[in-house]
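Asks: Sequence and predicted structure, then a few things I'm wondering about:
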Amino acid sequence: MSSKAPARKFGAAAARKEAAASALADGATAPGTDGAPAPREHTVDEIAEKVSAAILEHRLAPGTKLGEDRLATIFATSRAKVREVLARLAHEQIVELIPQRGAFVAKPTIEQAQDVFEARRLIEPGVLRRLIATLNDAKHQRLLSHLGLEADARARDDKRAIVRLSGEFHVLLAELAGNSALARTMRELSALTCLIISLYDAPTATSCRADEHEEIVAAVKRGDAKRAESLMLQHLDHIAQSLKLDSDLEDADLESIFA
Ligand SMILES: [Zn+2]
């Protein structure tokens with residue numbers, strides 16, 4: 001999971017390896033393990049997962065260039081494989097492919113951000129209705145254990161985990177609701193929300209308030225669809241309100257204006 005160690009820390013290891021690429025790949029999989037076993041080639045799935053996690057945990061900022069050569073070196077793989085990874089992430093909309101310029105971490109505009117929240121307001125109350133109609137003990141336990149993970153991350157003040165788990169809570173609701181199309185859509189919207197938070201949030205804020213997730217789960221458990229839906233809408237409002245999506249002049253996105 002963690003590929004946070006910057007590659008440059010592994011300069012010494014690189015000297016002992018055939019190529020810098022090997023050390024970088026070690027760094028990508030096992031940071032801090034000097035003298036790790038020779039790296040094996042990563043699969044497309046693994047690389048996509050690592051790049052995606054780095055984006056969603058805000059280790060890679062929106063607009064960051066994702067050079068094919070650099071990624072191929074870091075993951076000790078071919079450019080063809082890297083292109084496959086980037087195409088997949090572009091399909092998930094968290095990477096943008098720009099002709100002649102290459103791949104970049106996507107940078108949703110304010111308009112796109114507003115569209116994402118509108119879609120979530122339409123979809124998530126429906127997700128909760130479906131979840132309540134099909135709730136059983138096993139599903140409730142999954143929800144409780146997820147809340148436990150979120151609470152642990154907050155207790156550790158692990159910001160990366162908090163951001164990731166906040167998004168995953170909403171995907172989990174959709175998965176447990178048992179509609180695969182809804183779950184897939186929620187996965188996309190949740191990933192985009194992560195990028196939007198990274199772009200438009202105050203640096204100190206976090207995405208979802210933990211107590212609000214708990215209240216939603218409690219209403220779901222009681223079978224109170226009306227209450228669960230209104231809590232969800234309030235929750236989405238709180239997230240949207242914590243962002244600077246009103247595009248007042250001070251917060252104008254100069255990059256897109258002059259692009
Ligand atoms: Zn949330």
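Replies: Received it, and whenever you're ready, just let me know what you need.

Asks: Quickly list the domain ranges of this structure.
Replies: The chain resolves into domains spanning 7-105, 110-241 when parsed by automatic domain parsing.

Asks: Output these as TSV; include the columns mean pLDDT and mean neighbour count.
Replies: C-beta: built from backbone N, CA, C; applies to glycine. Listed next are those as TSV, based on pLDDT from 0 to 100; neighbours: other C-beta atoms under 10 Å:
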stretch	mean pLDDT	mean neighbour count
domain 7-105	74	17
domain 110-241	91	17
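
Asks: Show me where the stretch 1-150 of the chain has its helices.
Replies: Secondary structure of the stretch 1-150 of the chain (DSSP state H, counting those that start in this stretch): helices located at 11-16, 20-29, 44-56, 68-74, 79-91, 110-134, 137-156.

Asks: Those helices into JSON lines, with extra columns for distance to Ala177?
Replies: As requested, the helices of the stretch 1-150 of the chain are exported to JSON lines (distance: least, C-beta to C-beta, whole Å):
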{"stretch": "helix 11-16", "distance to Ala177": "46"}
{"stretch": "helix 20-29", "distance to Ala177": "35"}
{"stretch": "helix 44-56", "distance to Ala177": "22"}
{"stretch": "helix 68-74", "distance to Ala177": "35"}
{"stretch": "helix 79-91", "distance to Ala177": "23"}
{"stretch": "helix 110-134", "distance to Ala177": "4"}
{"stretch": "helix 137-156", "distance to Ala177": "9"}
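
Asks: wait, Leu165 sits on Arg154?
Replies: No. Between Leu165 and Arg154 there is no contact, the gap being 9.1 Å when judged by C-beta atoms under 8 Å.
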